[in-house]
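Colleague: just a sequence and a predicted model for now, questions to come.
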Amino acid sequence: MMKKLLLSATLFCSSILVQAQNETQLTIKPAGDQVVSKHIYGHFSEHLGRCIYDGFWVGENSTIPNKGRIRLDIVEALKKIKVPNLRWPGGCFADEYHWRDGIGPRNQRPKMVNTNWGGVTEDNSFGTHEFLDLCQMLDCEPYIAGNVGSGTVEEMAKWVEYLNFDGVSPMTAIRSQNGREKPWKVSFWGVGNESWGCGGNMTPAYYSDLYRRYATYARNYPGAPLKRIASGANSSDYNWTETCMKNIGDQMWGLTLHYYTLPTGNWGKKGSATKFDEAQYFSTMKNCLHMEELVSKHAAIMDKYDPKKKVALVVDEWGIWTDVEPGTNPGFLYQQNSLRDALIAGTTLNIFNNHSDRVKMANLAQTVNVLQALILTEKDKMILTPTYHVFDLYKVHQDAKYLPIAFTSPDYVVGDQKIPALNVSASQDASGAIHISLVNLDPNKKIALSTVLDGLKWSSVTGQILTSAKLTDVNTFNDLNKVHNANFTGARKSGSSLKVELPAQSVVVLELK
């Protein structure tokens, strides 16, 4: 009998030991001075496809509810996720856009050909005033990309004057004629876009000299200091960052980085948004996680020239880029949005949160009907995509204090390759509530977590989850809520620890109070 009792006790202890060994251990430290800027949660709206026209901007006599032709259901959806800033008018479009064509009476504005995106003719009915009306309705900050590629120093200088000067001048007189007496005082200004490519095919040395000239004449007017943002690197072009940091230094508020997740890694055949197997899912997530390396290496170069981290790394174009939906205009970049895209969004935002000492701003590409869109529209119908729901979950991190996390992720293995299955970020808001965002990339295995919150007091935990039966699941105009946020009950307090069972292929945000 004694032997049986000892054997049972040994097996019981072994079972506990195995269970404990299978748990992933997380340690969350108290906050320091680092803040997760709300501007990491920014968005991007280019004159591309159906983002502006037939997206935000409805027809003149449209029956879709609107205010001054700005679509109200989109505005309300974006206000709910607290969009902090909106980038406009591009993208590649910015360097062929001449702002004076988009002001004044709409029936007198000249038309233009959008040579970058589909060769369509635009009537310029959506211009500076309309964009700033949209930002006011969204209660967000405008981020304007100026034309360096085909524009002039004078053109950008006068745009800044038109928007920001509160006094008597030729530009303010025109502004007044167009119905606006007081300036908007726009802070965020991009000095060109992708100057290494569609913005002029420049070298970094040439661009950095040109930046200094443009930035000199983009003036700070009283009460309207500019946050000038230089056109930074394409993906892993570390020489571009090095050259700009060396030649421009702190004459810029921020330096951009652009990186898109391609499912196949091939620009010629990127892969479908909705039809993919686990092997392609794995390669997509591996490419998504490359953002960690990019941010780390660009930040290290910036640290060399700017150890006090005064210059922000601005990742103002990111997201998944797939082949367009069959039967749609190839130049309109319209793609569906699946659970896979939500996992990309959660993972990327966790990376930015964890690098918020240097990443102070980011912009998902794009807001409506283009690339990894938050919203898809079809006439009067509107879909909130899985990616939208991630931004709804993560809005709790905006301007909260960053909480450092230490853990070793379990592996997600496909064939002879592996990637980390788990990524996490955490913050503490002004009320003292702690928020932990967790992403499990493994579509086959749940992850058991045991979390120690070092020096942080809490007594209760609640949560929300975004997941679905299949990685390819999407919301459609016939099924608007197939992928949506739901209450999460897989977290509990156990002594001083937080225990979590994180389902496969899921995004979870916990709130501890």
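Modeller: Here it is on my side, so go on. Since the model is a prediction, treat every value here as computed from it, not as a measurement.
Colleague: ok, now which ones touch the residue lying closest to D209 once chain neighbours are set aside?
Modeller: Of all residues beyond its chain neighbours, the one nearest D209 is N247 (6.9 Å), with distances taken as CB to CB, 6 or more residues apart in numbering. No exception for glycine: its C-beta is placed from N, CA and C like everyone else's. N247 sits next to A205, S208, D209, R212 when contact means CB atoms under 8 Å, 6 or more residues apart in numbering.
Colleague: most surrounded residue in these?
Modeller: Neighbour counts for the contacts of N247 (other CB atoms under 10 Å) peak at S208, which has 23 neighbours.
Colleague: the closest residue to it other than its chain neighbours and E161, how far apart?
Modeller: Nearest residue to S208 in three dimensions, chain neighbours excluded: N247, at 3.8 Å (CB to CB, 6+ apart). As judged by CB to CB, to the nearest Å, N247 and E161 stand 26 Å apart.
Colleague: so the spatially most central residue of the chain is in which element?
Modeller: The chain has L364 as the residue nearest its centroid, 3.2 Å off, counting by CA atoms, centre = their mean. Secondary structure from DSSP states H and E places L364 in strand 359-365.
Colleague: direction included, what does that strand pair against?
Modeller: In the sheet, strand 359-365 lines up against strand 42-44 (parallel), strand 312-320 (parallel) (DSSP bridges).
Colleague: mean neighbour count and mean pLDDT added to those, as CSV?
Modeller: What follows is the strands paired with strand 359-365, written out as CSV (neighbours: other CB atoms under 10 Å; pLDDT from 0 to 100):
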stretch, mean neighbour count, mean pLDDT
strand 42-44, 25, 98
strand 312-320, 26, 98
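Colleague: how about those strands, which one is nearest T489?
Modeller: Closest approach to T489 among the strands paired with strand 359-365 (CB to CB): strand 312-320, 29.9 Å.
Colleague: name the next helix or strand downstream of that closest one, please.
Modeller: Assigned by DSSP H and E, the successor of strand 312-320 is helix 339-354.
Colleague: off-centre distance for that following helix?
Modeller: Centroid separation between helix 339-354 and its chain, computed with CA atoms, centre = their mean, to the nearest Å, is 9 Å.
Colleague: what packs against that helix?
Modeller: Other elements packing on helix 339-354 under the criterion 3 or more CB pairs under 8 Å, 6 or more residues apart in numbering; DSSP states H and E are helix 278-305, strand 312-320, strand 359-365, helix 386-394, strand 422-428, strand 434-440, strand 461-466, strand 506-512.
Colleague: that helix vs helix 386-394, what angle?
Modeller: 40 degrees (axes from the mean of the first three to the mean of the last three CA atoms, to 10 degrees).
Colleague: can I get helix 339-354 in PDB, CA atoms only?
Modeller: The C-alpha coordinates for helix 339-354 follow below in PDB (Å, rounded to 0.1, in the frame of the first residue of the first chain):
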ATOM      1  CA  LEU A 339      -8.100  36.500 -39.600                       C
ATOM      2  CA  ARG A 340      -4.500  36.200 -40.900                       C
ATOM      3  CA  ASP A 341      -4.500  39.900 -41.400                       C
ATOM      4  CA  ALA A 342      -5.700  40.500 -37.900                       C
ATOM      5  CA  LEU A 343      -2.800  38.400 -36.600                       C
ATOM      6  CA  ILE A 344      -0.400  40.500 -38.700                       C
ATOM      7  CA  ALA A 345      -1.900  43.700 -37.200                       C
ATOM      8  CA  GLY A 346      -1.700  42.500 -33.600                       C
ATOM      9  CA  THR A 347       1.800  41.300 -34.100                       C
ATOM     10  CA  THR A 348       3.100  44.400 -35.800                       C
ATOM     11  CA  LEU A 349       1.500  46.700 -33.200                       C
ATOM     12  CA  ASN A 350       3.100  44.700 -30.400                       C
ATOM     13  CA  ILE A 351       6.500  45.200 -32.100                       C
ATOM     14  CA  PHE A 352       5.800  49.000 -32.300                       C
ATOM     15  CA  ASN A 353       4.700  49.100 -28.600                       C
ATOM     16  CA  ASN A 354       7.900  47.300 -27.500                       C
END
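Colleague: check L349 and give its pLDDT.
Modeller: For L349, the pLDDT comes out at 98.
Colleague: that one contacts K395, doesn't it?
Modeller: No - counting by CB atoms under 8 Å, K395 is not a contact partner of L349; they are 10.4 Å apart.
Colleague: which one of those two is surrounded by more residues?
Modeller: Neighbour tally, L349 and K395, criterion other CB under 10 Å: the higher count belongs to L349, 26 against 17.
Colleague: what's the neighbour count on the residue lying closest to the more buried one once chain neighbours are set aside?
Modeller: Leaving aside its chain neighbours, L349 sits nearest to Y394 (5.4 Å; criterion: CB to CB, 6+ apart). Neighbour count for Y394, taken as other CB under 10 Å: 25.
Colleague: hmm, back to that, and for L349 and K395, which residues touch both?
Modeller: Y41.
Colleague: contact partners for A299?
Modeller: Counting by CB under 8 Å, 6+ apart, A299 makes contact with L313, H355, R358, V359.
Colleague: er, V314 actually
Modeller: V314 touches I229, G232, G254, L255, T256, L257, V359, K360, M361, A362, N363, counting by CB under 8 Å, 6+ apart.
Colleague: narrow these to those that are buried.
Modeller: I229, G232, G254, L255, T256, L257, V359, K360, M361, A362, N363 (16 or more other CB atoms under 10 Å).
Colleague: next, the fifth one: secondary structure please.
Modeller: Secondary structure for T256, judged by DSSP: H, G, I helix; E, B strand; the rest coil, is strand.
Colleague: and Q34, how far is that from T367?
Modeller: In terms of CB to CB, Q34 sits 28 Å off from T367.
Colleague: the more surrounded of the two?
Modeller: Neighbours were tallied for Q34 and for T367 using other CB under 10 Å; the higher tally belongs to T367 (28 against 17).
Colleague: now do the contacts for the nearest residue to K82 once chain neighbours are set aside.
Modeller: Leaving out its chain neighbours, the residue that sits closest to K82 by CB to CB, 6+ apart is K395, at 4.9 Å. The contact partners of K395, taken as CB under 8 Å, 6+ apart, are Y41, I81, K82.
Colleague: follow-up on the earlier one: right, so of the strands paired with strand 359-365, which gets closest to L262?
Modeller: Closest to L262 of those is strand 312-320 (CB to CB; 7.8 Å).
Colleague: could you export the closest one as PDB, CA atoms only?
Modeller: C-alpha atoms of strand 312-320 as PDB (Å, rounded to 0.1, in the frame of the first residue of the first chain):
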ATOM      1  CA  ALA A 312      11.200  59.500 -34.100                       C
ATOM      2  CA  LEU A 313      11.100  56.400 -36.300                       C
ATOM      3  CA  VAL A 314       7.900  56.800 -38.300                       C
ATOM      4  CA  VAL A 315       6.700  53.600 -39.900                       C
ATOM      5  CA  ASP A 316       4.100  55.400 -42.000                       C
ATOM      6  CA  GLU A 317       3.400  52.600 -44.400                       C
ATOM      7  CA  TRP A 318       3.000  49.000 -43.200                       C
ATOM      8  CA  GLY A 319       0.600  46.100 -43.600                       C
ATOM      9  CA  ILE A 320       0.000  43.000 -45.800                       C
END
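Colleague: next, the angle from that strand to helix 278-305.
Modeller: Going by the same axes, to 10 degrees, strand 312-320 makes 170 degrees with helix 278-305.
Colleague: quick revisit: from the contacts of N247, which is closest to T377?
Modeller: Set against T377, the nearest of the contacts of N247 by CB to CB is S208 (39.9 Å).
Colleague: right, and H98 touches E155 too?
Modeller: Yes - applying CB under 8 Å, one finds H98 in contact with E155, separated by 6.9 Å.
Colleague: list residues touching both of those two?
Modeller: By CB under 8 Å, 6+ apart, the residues touching both H98 and E155 are N147.
Colleague: now the two most distant members of the buried ones among the contacts of V314.
Modeller: For those, and using CB to CB, no pair is farther apart than L255 and N363, which are 14.0 Å apart.
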